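Chemist: Sequence plus predicted model, see below.
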Amino acid sequence: MSLHESTTPQFKANSRNALADENLQSALRGARNGFVGKRAIARAKMGEDEFDALRDRGRDLKNHVLANLGDYLEAYEAQVIASGGHVHWAETAEDAQRIVLDICRKADAKTVNKGKTMISEECGINDYLAENGIKPVETDLGEYIIQLRDEAPSHIIAPAVHVTVPQVREEFLKAHQHLDPDRDLSGLDTLLTEARGVLREKYFEAEVGITGANMLIAETGQSIIVTNEGNGDLSQSLPKVHIVMASIEKIVPTLEDAGTVLRILARSATGQDMSVYTTFSAGPRRTVDPDGPEEYHVVLLDNGRSNMLGTEFQEMLRCIRCGACINHCPVYQTVGGHAYGWVYPGPMGSVLTPSLIGVEEGGQLPNASTFCGRCEDVCPMRIPLPKMMRHWREREFEKNLTPTATRWGLGVWAWFAKRPALYRLATRTGMAGMRILGRGRGRLHKVPLASGWTDMRDMPAPQGDTFMAQWKAKR
Amino acid sequence: MSARDRILNRIRQASTPDDVAWQGGGATPAIAMTDGADRMDRFIAQATAADATVSRIDNMAALPAALADELRGRNLPAAIRHGADPAFTALDWGTVETSQGVGRIDEPATLSRAHYAMAETGTLVLASGPDNPVTLTFLGETHFVVLKASDIKAGFEGVFAAVRQDGLAPRTLNMVTGPSRSADIGQVLQLGAHGPIALHIFVVDA
């Protein structure tokens, strides 16, 4: 298997299953309002204008980095080497797999601890290591839970957001067989304590720790990892080898630029002013240090990103993976992350997935949007997500990947749209027809060809005159 | 051609350098510009909001007694583990049993010294090394941190300026804001995920 396998082409079927999954729906109901409200409060506490000025600064900062990415990557690499670390360049997911396995083999690793890294999900590192006899252990609590369930994350910052408490309990009883089967696991705190105890032992066993990186600083050669649990730090401080997996667009020029991103990252993600642990790592332990890894490796992953530069999708490379667009997306809130079928869900996933695995495979996702625009409204890096989803729809159409019924519908619409008189006549007739059907109630229980809408809810009957007629009357 | 060269070539062909003399940072918000008593107030308020506890002591000599009180109040054994920091090794610890070294798998209480702090977010900034082994920050059930009042900066800018001025280049610079936490079980926030369950800060006034 080269990449994380996708079920993206089955997005519609996945969504239907998600809607029928009672456990998932109950978990999504719980998550729906938390993130949205907390972000709004965090922004207001700083001052909305100041927060938005930082978003502008973040956008400009990443635009500057992307314009000069080659130079910044070389400057970063030189700093890592100067601090005693190693930089490995990976063009593809397969390259990254081989590089990681190679480092693990040289370290004689049997167990590898993983801090949360989406890049490693993208590269299918866990399966690859397991196939080669090395046991990967996820240490982020959410990642640990889904690893036990043999699932992919359903959210980039809350990977187990789809799992209910009884399901966690069931997994722990199954997985932790060395513990008393009659122990009390009724409280949430007992579950957390148990996971903490089990994973604490694992930290001391692993020979290699793999973490992601929220940023790479060109000025200092530091990688930054942000967590609330502390797992990223135990994963990198206890084993003798620390591998950082990062994609090439994670670069920021200076420490102060990292500050700019940190000021908007946690507030956009969880509504915290600052995550609990923000760690700047450079090189291996110093000769006088009593702890920390003896080797420090950075795997710089391209995997399709350099091909986005200079295209209408370049702005996606500003993404800092906060998850705000996901949290605010009505489609994500309804079907959850697994329906999207690959590593990155929600609006950011809908733009990134076709870029990374191809429009043939991922082309369904940019259609999973009502273009309500909330994602762009809340994006800390001001990425025009709806515009880019529209670009993907155009490409899908050009490549003849759009379903026949949709193409036929668009064809009919285009024929009328190019003939304004006929178009107006058709809309007037349609409106009159709908008004008659909805007479007295103002809404319709059934509309021909629109059962997808009316099976779930009524269609409001049009009120008043057409837009064009009203416009004429007003002038 | 190596993977490195192929990636860099693709990047250079697809991008146009902007020739901007980049100035880092910018758009500093007012919450990161406090001074004097306001700065101390904000630090304490923000650290407390992040579920840390804070107490103030007059000087380092007052630390052993203050720590003994805290340990007793938390029903912890009268024992602490810390690094080789002379600020700790020089003290008379009295009834508190001390040990020196890195973090261990089962560690009720650890003690570190923060290099700086940020009032903006109530964040401690620690530097790894023999004086303050990084594992002490993550393996203690309760983590105690000593911070000089004069080392509290207003925000990121002040901390980064100090890092440069002091030539601080540790293996890790650790920003810590409250004790560890997770909401991964049932989306309910609980303290004490992998790192400390509690964080207490002693602000030393002189």
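Modeler: Yes, it's here. Since we're looking at a predicted model, the values are computed, not measured.

Chemist: what about chain A, any weak spots by pLDDT?
Modeler: A:1-4 (pLDDT under 70).

Chemist: can I see the domain layout of it?
Modeler: Domain assignment of chain A by automatic domain parsing yields the ranges A:40-301, A:405-474.

Chemist: winner for burial among the ones you listed?
Modeler: Of all the domains of chain A, domain A:40-301 has the most neighbours on average by mean count of other CB atoms under 10 Å in any protein chain shown, namely a mean of 21. Where you see a C-beta, it was placed from the backbone N, CA and C, and this is true even at glycine.

Chemist: ok, now which ones touch residue 132?
Modeler: You didn't say which chain, so I picked chain A. Applying CB atoms under 8 Å, 6 or more residues apart in numbering or on different chains to A:Asn132 gives the contacts A:Leu101.

Chemist: Please refer instead to chain B.
Modeler: So B:Asn132 contacts B:Gly83, B:Asp85, B:Ser112, B:Arg113, B:Leu126 (CB under 8 Å, 6+ apart).

Chemist: Please report the distance of the residue in the stretch 101-250 of chain A that chain B sits nearest to from A:Tyr296.
Modeler: Nearest to chain B, among the residues of the stretch 101-250 of chain A, is A:Gly230, at 2.9 Å (CB to the nearest CB). Using CB to CB, to the nearest Å, A:Gly230 is found at 19 Å from A:Tyr296.

Chemist: what do you get for A:Ala324?
Modeler: Where A:Tyr296 is concerned, A:Ala324 sits at a distance of 31 Å (CB to CB).

Chemist: Make CSV out of the contacts of B:Asn132 and add pLDDT, neighbour count and distance to chain A.
Modeler: What follows is those, written out as CSV (pLDDT from 0 to 100; neighbours: other CB atoms under 10 Å in any protein chain shown; distance: CB to the nearest CB, whole Å):
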residue, pLDDT, neighbour count, distance to chain A
B:Gly83, 98, 25, 8
B:Asp85, 97, 18, 12
B:Ser112, 98, 28, 12
B:Arg113, 98, 23, 15
B:Leu126, 98, 25, 10
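
Chemist: just checking, which of those belong to strands?
Modeler: Judged by DSSP state E, the contacts of B:Asn132 include B:Ser112, B:Arg113, B:Leu126 as members of strands.

Chemist: From those residues, pick the one nearest A:Ser223.
Modeler: Checking the ones in strands among the contacts of B:Asn132 against A:Ser223 with CB to CB, the nearest one is B:Leu126 at 17.2 Å.

Chemist: can you map out the strands along chain B?
Modeler: B:53-57, B:79-82, B:97-100, B:107-113, B:116-118, B:123-127, B:140-148, B:152-153, B:172-176, B:181-182, B:190-191, B:198-204.

Chemist: want to try JSON lines for these, with distance to A:Gly271 as columns?
Modeler: Putting the strands of chain B into JSON lines (distance: least, CB to CB, whole Å) gives the following:
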{"stretch": "strand B:53-57", "distance to A:Gly271": "22"}
{"stretch": "strand B:79-82", "distance to A:Gly271": "34"}
{"stretch": "strand B:97-100", "distance to A:Gly271": "39"}
{"stretch": "strand B:107-113", "distance to A:Gly271": "28"}
{"stretch": "strand B:116-118", "distance to A:Gly271": "19"}
{"stretch": "strand B:123-127", "distance to A:Gly271": "17"}
{"stretch": "strand B:140-148", "distance to A:Gly271": "24"}
{"stretch": "strand B:152-153", "distance to A:Gly271": "24"}
{"stretch": "strand B:172-176", "distance to A:Gly271": "18"}
{"stretch": "strand B:181-182", "distance to A:Gly271": "13"}
{"stretch": "strand B:190-191", "distance to A:Gly271": "17"}
{"stretch": "strand B:198-204", "distance to A:Gly271": "20"}
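
Chemist: Tell me which of these approaches A:Asp455 most closely.
Modeler: strand B:181-182 (39.7 Å).

Chemist: what about that closest one, average pLDDT?
Modeler: Strand B:181-182 shows a mean pLDDT of 96.

Chemist: and that strand with chain A, contact?
Modeler: Yes: counting by CB under 8 Å from any CB of the partner chain, contacts between strand B:181-182 and chain A involve B:Arg181, B:Ser182.

Chemist: For that strand, name the packing helices and strands.
Modeler: strand B:190-191 (3 or more CB pairs under 8 Å, 6 or more residues apart in numbering or on different chains; DSSP states H and E).

Chemist: same thing but at 6 Å, please
Modeler: Helices and strands touching strand B:181-182, by 3 or more CB pairs under 6 Å, 6 or more residues apart in numbering or on different chains; DSSP states H and E: there are none.

Chemist: How far off centre is it?
Modeler: Relative to the centre of its chain, strand B:181-182 is centred 17 Å away, using CA atoms, centre = their mean, to the nearest Å.

Chemist: mind listing what it pairs with, with the direction of each?
Modeler: Note on strand B:181-182: by DSSP bridges, its sheet partners are strand B:190-191 (antiparallel).

Chemist: got CSV for the domains of chain A, with distance to B:Gly103 too?
Modeler: Below are those laid out as CSV (distance: least, CB to CB, whole Å):
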stretch, distance to B:Gly103
domain A:40-301, 7
domain A:405-474, 55
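
Chemist: which parts of the longest helix belonging to chain A are buried?
Modeler: Longest helix in chain A, counting residues (DSSP state H): helix A:22-46. By 16 or more other CB atoms under 10 Å in any protein chain shown, the buried positions in helix A:22-46 come out as A:24-25, A:27-28, A:31, A:34-36, A:38-39, A:42-43, A:46.

Chemist: so which of the residues you listed also contact chain B?
Modeler: A:Ala31, A:Met46 (CB under 6 Å from any CB of the partner chain).

Chemist: which residues in chain A form strands?
Modeler: A:86-90, A:111-114, A:135-138, A:208-211, A:215-217, A:222-227, A:241-247, A:251-252, A:277-281, A:295-301, A:443-444, A:459-460.

Chemist: In JSON lines: the ones you listed, plus distance to chain B.
Modeler: Putting those into JSON lines (distance: least, CB to the nearest CB, whole Å) gives the following:
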{"stretch": "strand A:86-90", "distance to chain B": "4"}
{"stretch": "strand A:111-114", "distance to chain B": "11"}
{"stretch": "strand A:135-138", "distance to chain B": "11"}
{"stretch": "strand A:208-211", "distance to chain B": "12"}
{"stretch": "strand A:215-217", "distance to chain B": "10"}
{"stretch": "strand A:222-227", "distance to chain B": "8"}
{"stretch": "strand A:241-247", "distance to chain B": "10"}
{"stretch": "strand A:251-252", "distance to chain B": "8"}
{"stretch": "strand A:277-281", "distance to chain B": "4"}
{"stretch": "strand A:295-301", "distance to chain B": "8"}
{"stretch": "strand A:443-444", "distance to chain B": "36"}
{"stretch": "strand A:459-460", "distance to chain B": "34"}
